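>>> after the sequence you'll find the predicted model.
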Amino acid sequence: MDFTPIIAQVWKVAIWLVPLMFLLGLLKSPWAKGHIGELLVRLFAHWRLDKQTYRRLHNVTLPTPDGTTQIDHVFLSRFGVFVLETKNMGGWIFGGEHQAQWTQKFYKKSFKFQNPLRQNYKHLKALEATLGIAPEHLHSVITFVGGSTFKTDMPANVTEGTGFIRYIKSFRQPVFSEAEVDALLRALQEGRRVPTLATHREHVQNLKRRNNPTAERKCPKCGSLLVIRTVKSGAKAGQQFWGCSGFPKCRTVQPLMAERVG
């Protein structure tokens, strides 16, 4: 029996099936989901936020005392500077403003992830240092895309889909002049790391080093060494965290996993 026609048919199917399977696997990866989420936010902002009113920069990497930090989106306007963190997640989301970790739940499976408000706090501090502006003019905004549903009450600055646009537009009191906004944009463009693959790789290495309990880390506020401490009492007894060696003069604390990779 001649199997040549069968082999030919299988080969024709494999030619497009194998790349398709590879592409589907890639799209499900955290890296791809993160980039897709950021792209959606760019499109939403392009359609709904006037470019002249809200100057925008994306994928902004800034130097910090312990390496670098990477910001998804920055919108500069007369009404303040808005720092947007994107989460492309599905399922049910449980969390509170002051909780260190939030929960993503799919049916019987649950996953913990860092409170994005805490994650964005470091971004705000880096921008505050780079731009030299008062912290009250910096606004943290979180947006979830990907079909997730909040199952607990969230602060007003934690939004879903295009909700971040309504939140940003709710600020109507000018705090900067147009000239000051232009100056802030120039300062951020000059202060950011060049958005290249090499910059991203350096940032990833910085994150791995910071998340390594054996690596030396410095306090972002006073420059002293951070050391691993253990909670001795209360509901979190036994949990470890980074604490400033300058305590009690400096009370900086950080979770052991300070920031996501990517």
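Looks like it came in fine.

>>> show me the shaky parts of the stretch 1-150 of the chain.
Filtered on pLDDT under 70, the stretch 1-150 of the chain yields the residue ranges 1-37, 66.

>>> quick one, strands of it?
55-64, 67-77, 80-88, 92-94, 101-106, 109-114, 138-145, 149-150 (DSSP state E, counting those that start in this stretch).

>>> note down every partner strand of the second one and its orientation.
Think strand 67-77. Partner strands for strand 67-77, per DSSP bridges, with pairing direction: strand 55-64 (antiparallel), strand 80-88 (antiparallel).

>>> the fifth one now?
Next to strand 101-106 in the sheet, as set by DSSP bridges, lie strand 92-94 (antiparallel), strand 109-114 (antiparallel).

>>> any idea which of the ones you listed is most buried?
Each of the strands paired with strand 101-106 was scored by mean neighbour count; the highest is strand 92-94, a mean of 17, by mean count of other CB atoms under 10 Å. All C-beta spots, glycine's among them, are computed from the backbone N, C-alpha and C.

>>> what comes into contact with that strand?
102, 103, 104, 105, 106, 144, 148, 149, 150, 151, 152 (CB atoms under 8 Å, 6 or more residues apart in numbering).

>>> columns mean neighbour count on top of the strands paired with strand 67-77, output as CSV?
Listed next are the strands paired with strand 67-77 as CSV, based on neighbours: other CB atoms under 10 Å:
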stretch, mean neighbour count
strand 55-64, 18
strand 80-88, 23
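
>>> redo the ones you listed as a markdown table? Include distance to residue 158.
Putting those into a markdown table (distance: least, CB to CB, whole Å) gives the following:
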| stretch | distance to residue 158 |
| --- | --- |
| strand 55-64 | 20 |
| strand 80-88 | 9 |
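
>>> ok, and the closest non-adjacent residue to the residue most central in space within the chain?
For the chain, residue 85 is the residue whose C-alpha lies nearest the centre (CA atoms, centre = their mean; 4.4 Å). In space, and not counting its chain neighbours, residue 85 is closest to residue 120: 4.5 Å by CB to CB, 6 or more residues apart in numbering.

>>> the stretch 101-250 of the chain: helices as residue ranges?
Taking DSSP state H, counting those that start in this stretch as the criterion, the stretch 101-250 of the chain contains helices spanning 116-131, 163-169, 178-191, 197-210.

>>> dump these into a markdown table; add distance to residue 62 as well.
Formatted as a markdown table, the helices of the stretch 101-250 of the chain follow (distance: least, CB to CB, whole Å):
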| stretch | distance to residue 62 |
| --- | --- |
| helix 116-131 | 4 |
| helix 163-169 | 21 |
| helix 178-191 | 7 |
| helix 197-210 | 10 |
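
>>> wait, which of those is closest to residue 225?
Among these, helix 197-210 comes nearest to residue 225, with 13.1 Å by CB to CB.

>>> picking up where we left off before, let me know which of the strands of the stretch 1-150 of the chain is the nearest to residue 166.
strand 138-145 (10.6 Å).

>>> which helices and strands does the closest one pack with?
On a contact count with 3 or more CB pairs under 8 Å, 6 or more residues apart in numbering; DSSP states H and E, strand 138-145 meets helix 30-48, strand 80-88, helix 116-131, strand 158-160, helix 163-169.
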